[in-house]
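1. output the structure for:
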Amino acid sequence: MIVELAGPVGAGKSTIANALPEALRSRGISASHLDDVARFNRPRTWLWNAWFAARHPRLAWTAWRAVVGAPIPWWHRRLIFGLTMGVGGRIAYARGRVPPQHVVVVDEGLVHRAVNLYGWYPRSSADAVGRYISLLPLPDALIAVDTDPEAAESRALARGLPKRLVDRSDEDAAAFVRRAREITNAAVAAVQGRSTASVIKVKNRTSFRRAVSNGARALGRLMAPGDEVESLAFRPGSPMIARPDRALARLRIRRSGAIPRRQLNEVLDRYGLAASGRAHTLSAPGARGATVRLMTSGGDVVVKRYKDGVEPSALAIEQAVLSALAEKEFFVPRLRRTSDGSTSVTLDGTSFAISDAIRGYRHPHELMMAPADRRQLESIAGRLLAELHVSLEDVDVPPSATLGFAPGKGQRVRDVDWYTTRLADAPAPRRVRAWVHASLWQLWETLEAERLPITIIHGDYGPYNLLVRAGSVPIIVDFELARRDWRLVDLASGIAWFARRRRSFDFAAARRFLDAYRIASGASGDELARIPEVAAFLTLQRAVIAWSRAQKASLLDWDATARERILVAEDLLAGRHALNAVVKGW
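-> This next block holds a predicted model:
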């Protein structure tokens, strides 16, 4: 199997190509770099160049015409033409000598050579690039590596540019880098148009290890499309029995009629549906709205009523995330759309959404499981979270009004200044406020310097937001707190829920969850070691929010909540919390 890499100048293709074979081997896939399979002396190189040109005369002529007309020295034209024919010859040699299931990684293969052939012209021509791609013997898979334009340009200038650009102005070099990006995009689009090669898009933004892991995972899926899904399926060895203490509560919830029938019928009408059966309430009315399931003229559906006062941005993010994940065939509910294409409606000031019903699934905390089955679920949950983060990495969602990072700016929606301003009026001793103020700033500076990977996160990942069924992959629900944030945020909160027991904290369960995530995501030990600091940073922010609510009339004791969160943050920063022990050793 031939896998080529292509991407803009400075995207990190060579670094990824060198590390990808080892990442594939760690996943049980036989792999090599092209240099290890086809390394020739000069006479043999010339022979293979000529052989490839003879096999593909139209391609050779197109490449020759491209270099002959380029405004570069003659020696550079000869070099580029030789590189194009040379990589083609070596790929042909490798294809004939490795078994079909052996992956040969090609750094800057025939597809990427379009940059060398057409990047020297003042204006790039998508038509010329398309004609060149149409003549290529395409690889089995193309990994299109990309990064932020500013990062690619600075990386390219730092490592040095081709001799053709030596002693040229910075403007000339920057123009070449921009043209290379345009040509790469045109080449990748042309490959996608031929539909004979699989195109895998990899972002190399925050972590090189993450980009390598994402590429290896995508190739693994490509080579064995059903294996990834099969390995995520929950297969309990013992029958799962409903917990007796939950049965009566569930019966009361089902009979509660959380959404009035008149309101329910109006919502269904907006979706062009009509009820044909009794509605069964699935979640207790109150805390986070309500959900009901019923049979309609369009099949079995679930109607979700959002809680009053839900942020419009949170609703928009959840709908965008669910829509994007459905397109990727990820394991989430499938939203229904109204006649005008909307995924939600507003009625009497309350928001509603309808999705396909998920039959036969239950929340894990509602079931009695054997210890071995629970251990299996903890590992699957860690891997599933890693898959979720990867799937959401490139998804574009609206910005949250209160949480996470603002898109493209690298700044939090509510920065540290926002919290410290509200801290000044907190009903707490001055020394406590001073400690919180100093800790927030110190944590922010430390975490910002680490450049932790950012993606769209779930925001409330735990067993209560998973649905399980024997023999199937668990379904993730409730994305109301999703936003763009450090991926460690989901780990910092999720580990505690999966390891929580009635009277203790299960360290083995926490390690299973985290190990499964680490292996599936490629997260480094240095990143995972920051989980307690991320948890402390978030806990202190929540303490400030609790104090701000304590100053308003409320039935809840927000001041006590704030004090509890301060104690948790102190334990995290002092190394006394359970999370500190979980990440110890990485």
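2. any idea how far the closest residue to A60 other than its chain neighbours is from Y121?
-> Using Cβ to Cβ, 6 or more residues apart in numbering and skipping the chain neighbours, the partner closest in space to A60 is A53 (4.0 Å). (C-beta placed from N, C-alpha, C; glycine too.) For A53, the distance to Y121 equals 23 Å [Cβ to Cβ, to the nearest Å].
3. so for those two, which sits in the more crowded spot?
-> Using other Cβ atoms under 10 Å as the criterion, A53 and Y121 rank with A53 on top: 19 against 16.
4. so that one: helix, strand or coil?
-> Put simply, A53 is helix when judged by DSSP: H, G, I helix; E, B strand; the rest coil.
5. local confidence estimate at it?
-> Among the per-residue scores, A53 holds a pLDDT of 88.
6. my guess is it meets G86, correct?
-> No - between A53 and G86 there is no contact under Cβ atoms under 8 Å: 10.1 Å.
7. against which helices or strands is the longest helix belonging to the chain packed?
-> Assignment by DSSP state H gives helix 170-194 as the longest helix of the chain. Helix 170-194 sits against strand 2-6, helix 113-118, helix 126-134, strand 141-146, helix 149-159, strand 198-203, with contacts defined as 3 or more Cβ pairs under 8 Å, 6 or more residues apart in numbering; DSSP states H and E.
8. among those, which is nearest A510?
-> Shortest distance between A510 and those, using Cβ to Cβ, is found for strand 198-203: 29.2 Å.
9. next SSE downstream of the closest one?
-> Going down the chain from strand 198-203, the next helix or strand is helix 208-223, by DSSP states H and E.
10. show the average pLDDT along the longest helix of the chain.
-> Mean per-residue pLDDT for helix 170-194: 82.
11. and if you look at stretch 260-271?
-> Mean per-residue pLDDT for stretch 260-271: 90.
12. chain center to it, what's the gap?
-> 35 Å (Cα atoms, centre = their mean, to the nearest Å).
13. before we move on, the earlier item: tell me the most buried of the helices and strands packed on helix 170-194?
-> strand 2-6 (a mean of 27; mean count of other Cβ atoms under 10 Å).
14. okay, the angle between the helix or strand just after it and strand 198-203?
-> Moving toward the C-terminus from strand 2-6, the first helix or strand encountered (DSSP H and E) is helix 13-26. Between helix 13-26 and strand 198-203, the angle comes out at 110 degrees (axes from the mean of the first three to the mean of the last three Cα atoms, to 10 degrees).
15. any buried residues in helix 13-26, and which?
-> K13, T15, I16, A17, A19, L20, P21, A23, L24 (16 or more other Cβ atoms under 10 Å).
16. cool, stretch 321-333 as well?
-> Neighbour count says stretch 321-333 has V321, L322, S323, A324, L325, A326, F330, F331, V332, P333 buried, by 16+ other Cβ under 10 Å.
17. what's the farthest-apart pair in those residues?
-> S323 and F331 (14.7 Å).
18. any idea how far stretch 513-532 is from the chain center?
-> Relative to the centre of its chain, stretch 513-532 is centred 14 Å away, using Cα atoms, centre = their mean.
19. can you check stretch 267-274 too?
-> 34 Å.
20. and A508, how far is that from S493?
-> Distance of A508 to S493, computed by Cβ to Cβ: 19 Å.
21. the two: who's more crowded?
-> S493 (21 against 11).
22. would you turn the helices and strands packed on helix 170-194 into a markdown table with mean pLDDT?
-> Shown next, in a markdown table, are the helices and strands packed on helix 170-194 (pLDDT from 0 to 100):
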| stretch | mean pLDDT |
| --- | --- |
| strand 2-6 | 90 |
| helix 113-118 | 88 |
| helix 126-134 | 88 |
| strand 141-146 | 88 |
| helix 149-159 | 70 |
| strand 198-203 | 83 |
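23. distance to A381 added to the ones you listed, as JSON lines?
-> What follows is those, written out as JSON lines (distance: least, Cβ to Cβ, whole Å):
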{"stretch": "strand 2-6", "distance to A381": "31"}
{"stretch": "helix 113-118", "distance to A381": "42"}
{"stretch": "helix 126-134", "distance to A381": "42"}
{"stretch": "strand 141-146", "distance to A381": "29"}
{"stretch": "helix 149-159", "distance to A381": "33"}
{"stretch": "strand 198-203", "distance to A381": "25"}
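24. just so I know, which of those lies nearest A186?
-> helix 126-134 (4.3 Å).
25. quick one: residues in contact with the closest one.
-> If you take Cβ atoms under 8 Å, 6 or more residues apart in numbering as the criterion, helix 126-134 is touched by 59, 62-63, 66, 111, 114, 117-118, 182-183, 186-187, 190-191, 193-194.
26. most widely separated two among those residues?
-> Applying Cβ to Cβ across the contacts of helix 126-134, the maximum distance is between L59 and E182, 21.7 Å.
27. please report how far the spatially most central residue of the chain lies from I457.
-> Nearest residue to the geometric centre of the chain (Cα atoms, centre = their mean): V390, 2.5 Å. Distance, V390 to I457, using Cβ to Cβ: 12 Å.
28. go on, E527?
-> For E527, the distance to I457 - Cβ to Cβ - is 14 Å.
29. okay, the two: which has more neighbours?
-> Using other Cβ under 10 Å as the criterion, E527 and I457 rank with I457 on top: 28 against 25.
30. distance check, the more buried one against G299.
-> On the measure of Cβ to Cβ, I457 and G299 end up 31 Å apart.
31. so P21 touches S32, yeah?
-> Yes - judged on Cβ under 8 Å, P21 makes contact with S32 at a distance of 5.7 Å.
32. and for the two, which residues touch both?
-> V103, V105.
33. do me a favour and get the end-to-end distance for stretch 333-346?
-> Taking Cα to Cα, to the nearest Å, stretch 333-346 runs 20 Å from one end to the other.
34. the host helix or strand of L540: which residues count as buried?
-> Using DSSP H and E, the element containing L540 is helix 531-550. Buried positions in helix 531-550, judged by neighbour count with 16+ other Cβ under 10 Å: 531-548, 550.
35. now whichever helix or strand comes after that helix - C-alpha only, PDB.
-> Using DSSP H and E, the helix or strand that directly follows helix 531-550 along the chain is helix 558-574. Extracted as PDB, the C-alpha positions of helix 558-574 are listed here (Å, rounded to 0.1, in the frame of the first residue of the first chain):
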ATOM      1  CA  TRP A 558     -23.300  29.100  46.900                       C
ATOM      2  CA  ASP A 559     -20.900  30.400  49.500                       C
ATOM      3  CA  ALA A 560     -20.500  26.900  50.800                       C
ATOM      4  CA  THR A 561     -20.000  25.600  47.300                       C
ATOM      5  CA  ALA A 562     -17.300  28.100  46.600                       C
ATOM      6  CA  ARG A 563     -15.500  27.100  49.800                       C
ATOM      7  CA  GLU A 564     -15.600  23.400  48.900                       C
ATOM      8  CA  ARG A 565     -14.100  24.200  45.500                       C
ATOM      9  CA  ILE A 566     -11.300  26.200  47.000                       C
ATOM     10  CA  LEU A 567     -10.400  23.200  49.200                       C
ATOM     11  CA  VAL A 568     -10.400  20.900  46.100                       C
ATOM     12  CA  ALA A 569      -8.100  23.400  44.300                       C
ATOM     13  CA  GLU A 570      -5.700  23.500  47.200                       C
ATOM     14  CA  ASP A 571      -5.500  19.700  47.300                       C
ATOM     15  CA  LEU A 572      -4.800  19.600  43.500                       C
ATOM     16  CA  LEU A 573      -2.100  22.200  43.700                       C
ATOM     17  CA  ALA A 574      -0.500  20.600  46.800                       C
END
